[in-house]
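Trainee: A structural model of the following input is requested.
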Amino acid sequence: MAGRGVEKFEELRKDAAPSDTVLSPIHRFMRLEAAGGIVVLGAAIVALVWANSAWSAGYLSLFQDTQVRVGVGAWGLEKALILWINDLLMALFFLLVGLEVKREILRGELSSPRKAALPLAAAIGGMVVPAALYAAINLGHDSIRGWGVPMATDIAFALGVVALLGSRVPLAARVFLASLAIADDLGALLVIALFYTEKIDASSLAIASGVVLVAGVAGRLGVRSLLFFLVAGLICWYFVLKSGVHATLAGVALAAVIPIRGRGRAEAFGAYLRDAADRYDRQAPDARGELTSNHQSVVLGVDDACVAVESPLRRLEHALLHWVSFLVVPLFALANAGVPAPLAELGAAASDRAVLGIVAGLVIGKPLGILALSFVAVKLGLAALPDGVSWRQILGLGCLAGIGFTMALFIAGLAFTDPSELDRAKLGILVASVISGVAGALILLTPRRAQT
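Mentor: Sure thing, here's the model as predicted:
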């Protein structure tokens, strides 16, 4: 009976949508990130064309001059549209990043020292070497404050390129790249919190910390309502914004206290599923052999039970993934990637120290650091190459990690306050990301030499 049940279920799966056949969270994550990367690329191209067209004034007016006020009285906030995108919507992006990092550390690819060793070593190399290259080029100049820009990896773009390469990149290599990028995101979050916060209002930060503490205690006591945590997160965001720490880090703080454990006992849930299966089997199909309303009632009951036992972290991660991938990050790209690029500006950017540091860090520093630290970790016996993955592919993945884009643009906005300086830095990020993506794709497409 069990064998026939599995056989029937496999027949049902053949007719399911591709997204329904994903077998693990990281597979689903990679599929959506890759698709989201393509959407973000489209948004970036639109922004560049718009900012360099006859309608460029409209672009600047929309995102930088349009003021939006939210709130009541003294509790209201009025900010330019681009700041609402960068401060509030991107807090959702950082919340998702925090949830992904927490899940991978507690339950996923970073959950054991052996599994985490290689992506962690690669991430460290991919942050330290680019930052060092940038610092060497900009030492003694004001532009040194942009050292954190080339440390970042845009996981959506990187996985998007991998998706376009198809079967040329084995699954183990994709998992390595995703794990590396998640560890890289954690490093970028720490850099933003520690080095790009200039002035702190202690009282506002204390209130925000208190809200996070209350939310954490509530989670420990069994609170599983996502509404409760999201309201706490919104209050935390407001006071983090007032504190001087970048408001998006409120998303990371909230992610740290979202419970990863679900509600209910395993035995009780199993008993419910067995009882539901018995009730389902007792219902006769209709004349065409299709599900009746009684069948649907049982199915809906199982669906409700699954939601009830699913952890808040998984529920929130799944709810956010589509919105962040296909709305938040594309909006961020649309609002931030529109850099006016006349020929005179391109000439000035080519000799700008910050631009040179960014390009050198992302194009050279990223693959060099990732390959070198990975090699050291393997030779010391701390880690092993994933099955079916070669050093050539590690180099290619290292180049793809040089696609900084989203996080690099974000850090550039914190590092450079002068508009012309920021525009040149953005040009450097865009150029470096294109070079890195093309180089990584070419290396991964190069066939292995036959053994003699």
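Trainee: okay, helices next: where are they in the stretch 251-400 of the chain?
Mentor: In the stretch 251-400 of the chain, the segments counted as helices under DSSP state H, counting those that start in this stretch are 266-281, 293-309, 312-323, 329-336, 343-350, 353-359, 366-379, 391-400.
Trainee: what would these look like in TSV with distance to residue 39, mean neighbour count and mean pLDDT?
Mentor: All C-beta spots, glycine's among them, are computed from the backbone N, C-alpha and C. Listed next are the helices of the stretch 251-400 of the chain as TSV, based on distance: least, Cβ to Cβ, whole Å; neighbours: other Cβ atoms under 10 Å; pLDDT from 0 to 100:
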stretch	distance to residue 39	mean neighbour count	mean pLDDT
helix 266-281	37	12	75
helix 293-309	28	13	72
helix 312-323	11	18	87
helix 329-336	5	24	88
helix 343-350	27	13	60
helix 353-359	24	25	93
helix 366-379	23	22	95
helix 391-400	18	24	94
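Trainee: identify whichever of those lies nearest to residue 232.
Mentor: Smallest distance to residue 232 across these (Cβ to Cβ): 12.0 Å, for helix 312-323.
Trainee: now the closest one and helix 329-336, what's the angle there?
Mentor: Angle, helix 312-323 to helix 329-336, by axes from the mean of the first three to the mean of the last three Cα atoms, to 10 degrees: 50 degrees.
Trainee: where in the stretch 1-150 of the chain is pLDDT low?
Mentor: Applying pLDDT under 70 to the stretch 1-150 of the chain flags residues 1-34, 73-74, 109-110.
Trainee: circling back: of the helices of the stretch 251-400 of the chain, which approaches residue 36 most closely?
Mentor: With Cβ to Cβ as the measure, helix 329-336 is the member of the helices of the stretch 251-400 of the chain nearest residue 36 (6.4 Å).
Trainee: got the contact list for that closest one?
Mentor: Helix 329-336 is contacted from outside by 36, 39-40, 42-44, 46-47, 63, 81-82, 85-86, 89-90, 93, 156, 405-406, 409-410, 413, 426, using Cβ atoms under 8 Å, 6 or more residues apart in numbering.
Trainee: domains of the protein?
Mentor: Here the domain assignment for the chain is 22-196+319-445, 266-306, based on automatic domain parsing.
Trainee: quick one on the thing from earlier: okay if I get the helices of the stretch 251-400 of the chain as a markdown table plus distance to residue 103?
Mentor: Shown next, in a markdown table, are these (distance: least, Cβ to Cβ, whole Å):
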| stretch | distance to residue 103 |
| --- | --- |
| helix 266-281 | 19 |
| helix 293-309 | 17 |
| helix 312-323 | 6 |
| helix 329-336 | 19 |
| helix 343-350 | 39 |
| helix 353-359 | 31 |
| helix 366-379 | 23 |
| helix 391-400 | 22 |
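Trainee: following element in sequence after the one helix or strand residue 69 maps to, please.
Mentor: Using DSSP states H and E, residue 69 sits within strand 67-70. Using DSSP H and E, the helix or strand that directly follows strand 67-70 along the chain is strand 77-80.
Trainee: what's that next one in contact with?
Mentor: With contacts defined as Cβ under 8 Å, 6+ apart, strand 77-80 is touched by 63-71, 87, 238, 241.
Trainee: what comes up buried for that strand?
Mentor: Buried residues in strand 77-80, defined by neighbour count with 16 or more other Cβ atoms under 10 Å: 79-80.
Trainee: could you verify that residue 111 is part of a helix?
Mentor: No. Counting by DSSP: H, G, I helix; E, B strand; the rest coil, residue 111 is located in no helix; its state is coil.
Trainee: what residues does stretch 232-243 touch?
Mentor: Here stretch 232-243 makes contact (Cβ under 8 Å, 6+ apart) with 77, 87-88, 91, 95, 200-202, 204-205, 207-208, 211-212, 214-215, 246-247, 249-251, 253-254.
Trainee: what about 7 Å?
Mentor: Applying Cβ atoms under 7 Å, 6 or more residues apart in numbering, the contact partners of stretch 232-243 are 87, 91, 200-201, 204-205, 207-208, 211-212, 214-215, 247, 249-250, 253-254.
Trainee: just those: which are in helices?
Mentor: Counting by DSSP state H, the part of the contacts of stretch 232-243 found in helices is 91, 204-205, 207-208, 211-212, 214-215, 249-250, 253-254.
Trainee: pull the most distant pair out of these.
Mentor: Largest separation among these by Cβ to Cβ: 91 and 214, giving 18.7 Å.
Trainee: which one's more surrounded, the two?
Mentor: More neighbours surround residue 91 than the other of residue 91 and residue 214, with 25 against 15 (other Cβ atoms under 10 Å).
Trainee: I figured the more buried one was touching residue 248, is that so?
Mentor: Yes. With contact defined as Cβ atoms under 7 Å, residue 91 counts as touching residue 248 (4.6 Å).
Trainee: can you add distance to residue 193 and give the ones in helices among the contacts of stretch 232-243 back as a markdown table?
Mentor: Converted to a markdown table, the ones in helices among the contacts of stretch 232-243 look like this (distance: Cβ to Cβ, whole Å):
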| residue | distance to residue 193 |
| --- | --- |
| 91 | 14 |
| 204 | 15 |
| 205 | 11 |
| 207 | 17 |
| 208 | 13 |
| 211 | 17 |
| 212 | 14 |
| 214 | 21 |
| 215 | 19 |
| 249 | 6 |
| 250 | 11 |
| 253 | 10 |
| 254 | 14 |
